[in-house]
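S.K.: Whatever this is, show me its structure:
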Amino acid sequence: MNIDSHIKEWQNFNNLEHKVIDAFLQEYFKSKKEVEKDFIAIGFRVIIDVINAIHFYKKKNHTSQINPIPFKTIISYTDEFNKHNLKYRIILFIKVFLNINRFRSKSFFLTPKFVAQESFNFGHLKKYTDGGILYPFSIYSEIIKSRKKKINYDDSFIKILSNKIFENIKKNIKNIDYQLDTNVSLIIENHFKEFSRDYFNLKAKRNLKSFIFSTGNKTAFRLYARLSLNKNNKIEAFAHGHNLQNKDKHKLWMDLLISNTYYEQSESLRNELKQYIESLPEYQNLHKINFNFVNKFNTSNYSNIAVDLNKINKVLVIGNATKSHAFSSVTAFEIDTQIAIEESILNYFKKLDKEVYYKPHPGGHLKKELLKHYAELEFLKIENDNFEEILSNYDLIVFYYTRTSTITAALNSNKPILLFDLGIEEHCSVSRKILKKRCFIENTKSL
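M.R.: This next block holds a predicted model:
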């Protein structure tokens with residue numbers, strides 16, 4: 001399979017993801033029942049299992065050279081609780097408390113604010129200036145407390161709701177190259193049923209906290225946030241930290257459905273997101289969201305730095321995350337496809353007689369397998385040090401996707417940037433202008 005075929009398959013998967021997300025959102029905005037809207041908002045992460053189930057069904061006879069693993073669900077509310085460790089939470093509390101309050105001594109006598117320990121990337125909170133001391137608390141502990149009082153509940157609606165979403169998906173994907181396995185409805189139903197008891201137990205509690213979080217992924221976390229939001233509490237969400245605004249439905253709706261204050265990294269990103277969300281037809285049926293920002297970084301400061309390949313010697317190619325499951329738009333796709341794309345870029349610079357370095361993504365499931373494969377490329381050198389620390393060592397920084405924290409440091413540097421546009425990412429207008437102004441954008445034909 002050539003690189004064009006790999007890119008086309010990734011584009012098709014990206015299209016599938018948007019169709020599936022639309023199917024969930026259609027039901028969310030159409031439903032008049034609060035409980036149905038709650039279950040969709042809380043269980044929204046199950047889209048990952050749904051999308052991958054459809055994708056793996058299409059490729060059930062395909063065997064990856066790097067990772068021949070069959071489909072399995074990964075979104076499990078039960079597994080979250082099985083991994084819950086009280087001792088770890090106490091250690092985490094101390095560590096997080098000291099880390100996020102180091103520079104907040106002036107806020108000591110103000111009313112404290114709560115932070116969900118189950119959210120991650122607490123570094124974002126260092127920029128947060130509102131209110132008093134930030135006080136971490138455990139969502140798991142709050143849910144466990146709610147279980148002490150037994151509540152009678154009826155979750156028979158879940159099967160009907162799951163079938164409605166399934167029918168939406170069926171309609172949405174009928175004109176694209178995917179078939180729908182009947183197990184998809186069962187995947188949704190099983191996930192909704194996993195948290196139904198705790199939903200009704202927690203809903204019966206009088207007092208739920210207002211709190212801040214920095215990207216919420218766990219289902220338990222989404223459960224508490226959504227129900228706290230329903231009680232008119234203030235739920236403040238931080239964006240994922242990139243200095244570009246992607247029109248990525250996965251990213252946008254993951255946090256927007258469970259928060260009423262959303263912080264972007266800069267004023268320009270806040271304005272761009274606010275304008276985009278308010279232009280959507282769904283906005284009139286969405287709970288009110290206050291869009292804010294955490295610093296006054298001005299993206300208009302980006303200036304064009306020309307790329308002259310004749311004067312460039314050392315090239316650093318930024319690698320993508322690799323996963324055995326949980327593919328989602330741009331962040332990770334099949335490892336064979338990502339290797340095909342990355343190797344095409346690496347070989348492109350090898351043919352130009354450049355020193356080629358590769359910066360692997362620190363996360364993902366298949367890092368060892370990936371680096372073992374790349375060790376066979378004798379011309380390639382692996383860069384393992386922190387990106388911000390080694391950025392100055394290279395003459396050119398190369399990306400093929402922009403949903404990465406390294407893009408921030410690269411854009412702010414004085415280094416030339418080359419972006420190979422795969423036709424997968426869709427940016428808001430201001431962010432696209434930034435890329436055009438700051439980067440040399442190349443299509444994949446040269447590869």
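
S.K.: all contacts plus neighbour counts: C-alpha atoms, from now on.
M.R.: Fine.

S.K.: residues near Ile54, how many?
M.R.: Ile54: 23 surrounding residues under other Cα atoms under 10 Å.

S.K.: Skip the chain neighbours and tell me the closest residue to it.
M.R.: Spatial nearest neighbour of Ile54, excluding adjacent residues (Cα to Cα, 6 or more residues apart in numbering): Leu180 at 6.0 Å.

S.K.: I figured that neighbour was touching Asn168, is that so?
M.R.: No - using Cα atoms under 8 Å, Leu180 is not in contact with Asn168, being 11.3 Å away.

S.K.: re the thing from before, what number of residues lie near the residue nearest to Ile54?
M.R.: Counted with other Cα under 10 Å, Leu180 comes out at 19.

S.K.: what's the answer for Ser146, then?
M.R.: Number of residues near Ser146 (other Cα under 10 Å) recorded here: 19.

S.K.: Now for it: which residues touch it?
M.R.: When contacts are counted by Cα atoms under 8 Å, 6 or more residues apart in numbering, Ser146 is found next to 198, 201-202, 205.

S.K.: Relative to Tyr57, how far out is Phe81?
M.R.: Using Cα to Cα, to the nearest Å, Phe81 is found at 29 Å from Tyr57.

S.K.: now do Ile258
M.R.: 31 Å.

S.K.: Quick check on Phe81 and Tyr57: which one has the bigger neighbour count.
M.R.: More crowded of Phe81 and Tyr57, by other Cα under 10 Å: Tyr57, with 16 against 12.

S.K.: gap between the two ends of stretch 214-234?
M.R.: Length of stretch 214-234, first residue to last, Cα to Cα: 14 Å.

S.K.: Just the residues contacting that stretch, thanks.
M.R.: 38, 41-43, 45, 77, 80, 116, 118-122, 124-125, 139-140, 143, 195, 199, 202-203, 208-211, 235, 237-240, 254-255, 257-261.

S.K.: List only those of those residues flagged as buried.
M.R.: For the contacts of stretch 214-234, a burial check counting by 16 or more other Cα atoms under 10 Å picks out 38, 41-43, 45, 77, 116, 118-119, 122, 124-125, 139-140, 143, 195, 199, 202-203, 208-211, 235, 237-240, 254-255, 257-261.

S.K.: would you list every one of the strands in the stretch 301-447 of the chain?
M.R.: 314-318, 355-359, 380-382, 396-399, 417-420, 440-442 (DSSP state E, counting those that start in this stretch).

S.K.: Which strands or helices does the worst-scoring helix or strand of the chain on mean pLDDT pack on?
M.R.: Every helix and strand of the chain was ranked by mean pLDDT, DSSP states H and E. The lowest is helix 86-100, at a mean of 76. The contact analysis (3 or more Cα pairs under 8 Å, 6 or more residues apart in numbering; DSSP states H and E) places helix 86-100 against strand 134-137.

S.K.: Who are the packing partners of the strand it packs on?
M.R.: Packing partners of strand 134-137 (3+ Cα pairs under 8 Å, 6+ apart): helix 86-100, strand 113-116.

S.K.: now do 6 Å
M.R.: Counting contacts by 3 or more Cα pairs under 6 Å, 6 or more residues apart in numbering; DSSP states H and E, strand 134-137 packs against strand 113-116.

S.K.: Just send the strands of the stretch 301-447 of the chain back as TSV, with mean neighbour count too.
M.R.: Conversion of the strands of the stretch 301-447 of the chain to TSV gives the following (neighbours: other Cα atoms under 10 Å):
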stretch	mean neighbour count
strand 314-318	21
strand 355-359	19
strand 380-382	15
strand 396-399	22
strand 417-420	22
strand 440-442	16
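
S.K.: Now distance to Tyr135 too, for the ones you listed, in JSON lines please.
M.R.: Formatted as JSON lines, the strands of the stretch 301-447 of the chain follow (distance: least, Cα to Cα, whole Å):
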{"stretch": "strand 314-318", "distance to Tyr135": "36"}
{"stretch": "strand 355-359", "distance to Tyr135": "36"}
{"stretch": "strand 380-382", "distance to Tyr135": "40"}
{"stretch": "strand 396-399", "distance to Tyr135": "38"}
{"stretch": "strand 417-420", "distance to Tyr135": "40"}
{"stretch": "strand 440-442", "distance to Tyr135": "44"}
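
S.K.: closest one to Phe97 among those strands?
M.R.: For the strands of the stretch 301-447 of the chain, the distance to Phe97 is smallest for strand 355-359, at 31.9 Å, taking Cα to Cα.

S.K.: Show me what that closest one is in contact with.
M.R.: For strand 355-359, contacts defined as Cα atoms under 6 Å, 6 or more residues apart in numbering pick out 313-319, 380-383.

S.K.: Also stretch 433-441?
M.R.: With contact meaning Cα under 6 Å, 6+ apart, stretch 433-441 is reached by 303-304, 417-420.

S.K.: List just the nearest of those to Thr402.
M.R.: Taking Cα to Cα as the measure, Thr402 lies nearest Leu419 of these, at 8.5 Å.

S.K.: shouldn't that closest one be in contact with Phe399?
M.R.: Yes - applying Cα atoms under 6 Å, one finds Leu419 in contact with Phe399, separated by 4.9 Å.

S.K.: Go through the contacts of strand 355-359 and say which is closest to Ile66.
M.R.: Proximity of the contacts of strand 355-359 to Ile66 (Cα to Cα) peaks at Gly319, which lies at 16.3 Å.
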